[in-house]
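Asker: Sequence and predicted structure below; questions after.
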Amino acid sequence: MLNLNNAAVSEAPTQTRTLIPNGTVCRAIIVVKMGDIEISEFGNGMWFKKSQTSNAKWMELEFTVVGGEYDKRKFWHRIFLDGDKMGASGIPVAKEIGLSTLRSIIESANSIDPSDMSETAVQRRNIGGVNDLSGMEICAKVGIEKGTGGYEDKNKLMAAVTPNQKDFIPSGQAPMAQAPAAQPQQAAQPTSGAVPSWANR
């Protein structure tokens, strides 16, 4: 038996957790988190989770900031790649948005301009599976997701910044401290909480 009655009482932390400011642009390394199910279209391995109430499926990414004021800070993001609501293209809206997000991540990691359709660029946009994202370093714009249901606000990926954008930070260069405050929020890919409405309907 382990008697913990004489152990010191743990004190609540006194420091307030501060978020990375909304709109901050930085370099960040990706880790793909394990999930519960496999979707063969996106490579081998159980990298996805599934909603219990809809067809929504998503993968979770962890980002670690590289360099600058927020070095080693982490934030997370969910990329939805299936859902109930169908788009004009005939595939789920969640998948349309998810594939677009994955493309921008690949382009950011490989310094590819989205308009570049050279043979090299086309080949680099092909990956073996979503697990290939682990270890990639991208230029990330960090946002803030409002907490719901008693949860605190948290940082999220607002966008993967590509070389055609003026705030793109190439690999190896010192990160910007913060992008202009008045940045539009992208509501496409929530990182936590309820499954978004566009994935359910």
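Answerer: It's in. Numbering: from 1, shown residues only.
Asker: buried stuff in the top helix by length along the chain?
Answerer: The longest helix of the chain (DSSP state H) is helix 93-109. By 16 or more other Cβ atoms under 10 Å, the buried positions in helix 93-109 come out as 93-98, 101-102, 104-109. Yep, even glycine has a C-beta here, placed from its N, CA and C like the rest.
Asker: Equivalent analysis for stretch 141-155, please.
Answerer: In stretch 141-155, the ones that count as buried by 16+ other Cβ under 10 Å are K141, V142, G143, I144, E145, K154, N155.
Asker: Taking the centroid of the protein, which residue is nearest it?
Answerer: H77 (3.2 Å; Cα atoms, centre = their mean).
Asker: OK, contacts around N55?
Answerer: Contact partners of N55, counting by Cβ atoms under 8 Å, 6 or more residues apart in numbering, are D82, G83, D84, P92, A199.
Asker: Could you point out which residue ranges in the protein have low pLDDT?
Answerer: Scanning the chain for pLDDT under 70 picks out the ranges 12-16, 174-201.
Asker: try 50 this time
Answerer: Across the chain, the ranges flagged by pLDDT under 50 are 176-178, 180-193, 198, 201.
Asker: Make CSV from the contacts of N55 and add neighbour count to it.
Answerer: Listed next are these as CSV, based on neighbours: other Cβ atoms under 10 Å:
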residue, neighbour count
D82, 21
G83, 28
D84, 18
P92, 22
A199, 28
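Asker: just these now: which is nearest L19?
Answerer: Nearest to L19, judged by Cβ to Cβ, of these is A199 at 25.1 Å.
Asker: Backbone dihedrals for G45, both of them.
Answerer: Dihedral pair for G45: phi 110, psi 150, per degrees, to the nearest 10.
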